[in-house]
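*Asks:* Show me how the following folds:
(one chain, ligands or ions: 1)
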Amino acid sequence: MIVTGGGTGIGRATARAFADRGDRVLVVGRTGHTLRETAEDHANFRILCLDITDTGAPERIVETALREFGRIDVLVNNAAIAAPQMLSAIDPGRIDEQIAVNLRAPVLLTRHAIDALADTGGTVVNLSTAGSLGRRAWPGMSIYGASKVAMDFLTRTWAVELAPLGIRVVAVAPGVIATGMGERMGSTPEEYARFLEEMKPRIPAGRVGNPDEIAWWIVQLAQPQAAYTTGTVLAVDGGASIA
Ligand SMILES: NC(=O)c1ccc[n+]([C@@H]2O[C@H](COP(=O)([O-])OP(=O)(O)OC[C@H]3O[C@@H](n4cnc5c(N)ncnc54)[C@H](OP(=O)(O)O)[C@@H]3O)[C@@H](O)[C@H]2O)c1
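*Replies:* Model (predicted):
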């Protein structure tokens, strides 16, 4: 298994959920201490500290997984960044950063993993967002949302392209999940806590989600029992996207 962005939030929960089942997991991210916290000396983890947008990163990730485990069953394209900005104030550098991390890097990583995934009849799980599903608008998040709409399209298209190789491609679209991502987007802890509180009445389930509730689905979608599921974008959002 490979989980990008495995040092925090949904990536950490997913990596631990796989490892707890006995799967061997390579967690990838830029921050060594968060990756080590995910691994917690668990024998099933390997850590690779790098920026997924760096030249040569896809090759290093795939080579490391094959060297350590001899196979790749699942690739979880989870790492992403979000830089809220209205169009009127948009900064070209922040556009490029978001597209590089959220879109270009998973494209190249998945491309480099094809042969290994074909050998195992493996699964690619892309992280989308329920915030950009359907005909929704999302003021201030146009570039992030566009990168996630693109992930949905890649998911469907790769599912068809890679089906002859026995590779499935699915996406999970989380709703509002309490991961601390808002703080990494620039909010203070107080602002992020207020945002989570304000979201509750807009979610039919009446609460925000937790990372384990997303990780559970990622693990399920990677199981052999899900063999007839490909190209699907699964919303896991307490009903927010249909309310
Ligand atoms: N939380 C939500 O409410 C929510 C809702 C919908 C969708 N999602 C999606 O779910 C996924 C996980 O989100 P999250 O909430 O768990 O966010 P998060 O905690 O901020 O996790 C993102 C991870 O990506 C890593 N990362 C960022 N840039 C990277 C780079 N250039 N190279 C390598 N790693 C990089 C970060 O680690 P380093 O900074 O250490 O590299 C971090 O561990 C994302 O795709 C996000 O868009 C989240």
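
*Asks:* wait, does stretch 217-235 contact the ligand?
*Replies:* No - if you take C-beta under 6 Å from any ligand atom as the test, stretch 217-235 misses the ligand, and the best it gets is 10.0 Å. From N, CA and C alone the C-beta is placed, and that goes for glycine too.

*Asks:* Show me what from the chain comes close to the ligand.
*Replies:* Counting by C-beta under 6 Å from any ligand atom, the chain sits next to the ligand at 4-5, 7-11, 29-31, 34, 51-53, 78-81, 101, 127, 129, 174, 176-177, 179-181, 184.

*Asks:* hmm, what's the outermost residue in the chain?
*Replies:* residue 88 (28.5 Å; C-alpha atoms, centre = their mean).

*Asks:* Would you mind measuring from that residue to residue 140?
*Replies:* Distance of residue 88 to residue 140, computed by C-beta to C-beta, to the nearest Å: 11 Å.

*Asks:* What residue in the chain comes nearest to the ligand?
*Replies:* Using C-beta to the nearest ligand atom, the single residue of the chain nearest to the ligand is residue 9, 2.2 Å away.

*Asks:* nearest residue to that residue other than its sequence neighbours?
*Replies:* Spatial nearest neighbour of residue 9, chain neighbours left out: residue 179 (3.1 Å); criterion: C-beta to C-beta, 6 or more residues apart in numbering.

*Asks:* and that neighbour, what does it touch?
*Replies:* Contact analysis of residue 179 by C-beta atoms under 8 Å, 6 or more residues apart in numbering lists 8, 9, 10, 211.

*Asks:* ok, now which ones touch the first one?
*Replies:* Residues in contact with residue 8 (C-beta under 8 Å, 6+ apart) are 29, 34, 179, 180, 184.

*Asks:* Go ahead and confirm the fourth one touches residue 193.
*Replies:* Spelled out, that is residue 180. No - Residue 180 lies out of contact with residue 193 (C-beta atoms under 8 Å); the separation is 10.4 Å.

*Asks:* Return every residue with contacts to both of the two.
*Replies:* With C-beta under 8 Å, 6+ apart, residue 180 and residue 193 have no common neighbours.

*Asks:* Good, we can wrap up now.
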